[in-house]
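Enquirer: How does the following fold in three dimensions:
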Amino acid sequence: MTISQNTEAAHTHTPRMDLFALAPDVYKAMVALDRAARAGVDPQLAELIKIRASQLNHCAFCLEMHTRDARGLGISEEKIVMLSAWEEASGYFTEKERAVLALTEAVTVLTDGFVPDEVWEQAAKHVEEQELAQIIAQIFVINSWNRIAVTTRKTPTGPR
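Expert: I've put the predicted structure just below:
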């Protein structure tokens, strides 16, 4: 399937199921895991992680939610827009944010089957080990939420 076919098909998608109504214990566990993963991570950095992973996973539902949350935390519209091209938009992101975004991409995509040493080392250079553990948790939790939303075709609520 080509990208344009994929995009055309996406416009006709309707939700498949309400997974959380059918598996409420899974929802409760995900919420608890999400809460645990957030501990000790700067809320603005957490939203950048969530937005970038959601962009990579094509999760419109999570993108809508987390861009709204990011705005609510005071992240500028310009920074949110530039997030999809963060590597070229160095003036918008701190070195720590750039290191965490690189780690987010490496963990989310895993194209080579592993997180490259240089990506890990850069993140470890800018983030204390305890916070790094929490950031890794943030990354795998948002990837789990994305996979649930994309698989069940959870739809965004639309413009407000």
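Enquirer: Now do stretch 90-98, average pLDDT.
Expert: The average pLDDT for stretch 90-98 rounds to 95.
Enquirer: Any idea how far apart the tips of that stretch sit?
Expert: 8 Å (C-alpha to C-alpha, to the nearest Å).
Enquirer: In that stretch, which residues are buried?
Expert: Residues of stretch 90-98 classed as buried: 92, 93, 96, 97, 98 (neighbour count, 16 or more other C-beta atoms under 10 Å). All C-beta spots, glycine's among them, are computed from the backbone N, C-alpha and C.
Enquirer: Check these and tell me the two furthest apart.
Expert: Largest separation among the buried residues of stretch 90-98 by C-beta to C-beta: 92 and 96, giving 13.0 Å.
Enquirer: picking that back up, turn the buried residues of stretch 90-98 into TSV, including secondary structure.
Expert: Formatted as TSV, these follow (DSSP: H, G, I helix; E, B strand; the rest coil):
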residue	secondary structure
92	helix
93	coil
96	helix
97	helix
98	helix
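Enquirer: Spell out, range by range, the helices that occur in this structure.
Expert: 3-11, 19-22, 24-38, 43-56, 60-72, 77-82, 95-109, 117-126, 129-152 (DSSP state H).
Enquirer: Out of those, which is the most enclosed?
Expert: helix 43-56 (a mean of 22; mean count of other C-beta atoms under 10 Å).
Enquirer: Just list what that helix packs against, helices and strands only.
Expert: The contact analysis (3 or more C-beta pairs under 8 Å, 6 or more residues apart in numbering; DSSP states H and E) places helix 43-56 against helix 60-72, helix 95-109, helix 129-152.
Enquirer: That helix vs helix 95-109, what angle?
Expert: Interaxial angle, helix 43-56 versus helix 95-109 (axes from the mean of the first three to the mean of the last three C-alpha atoms, to 10 degrees): 40 degrees.
Enquirer: quick one: low-confidence ranges for the protein?
Expert: For the chain, applying pLDDT under 70 flags the ranges 1-12, 160.
Enquirer: How much space separates residue 87 from residue 105?
Expert: Residue 87 is 9 Å from residue 105, where distance means C-beta to C-beta, to the nearest Å.
Enquirer: No further queries at this time; thank you.
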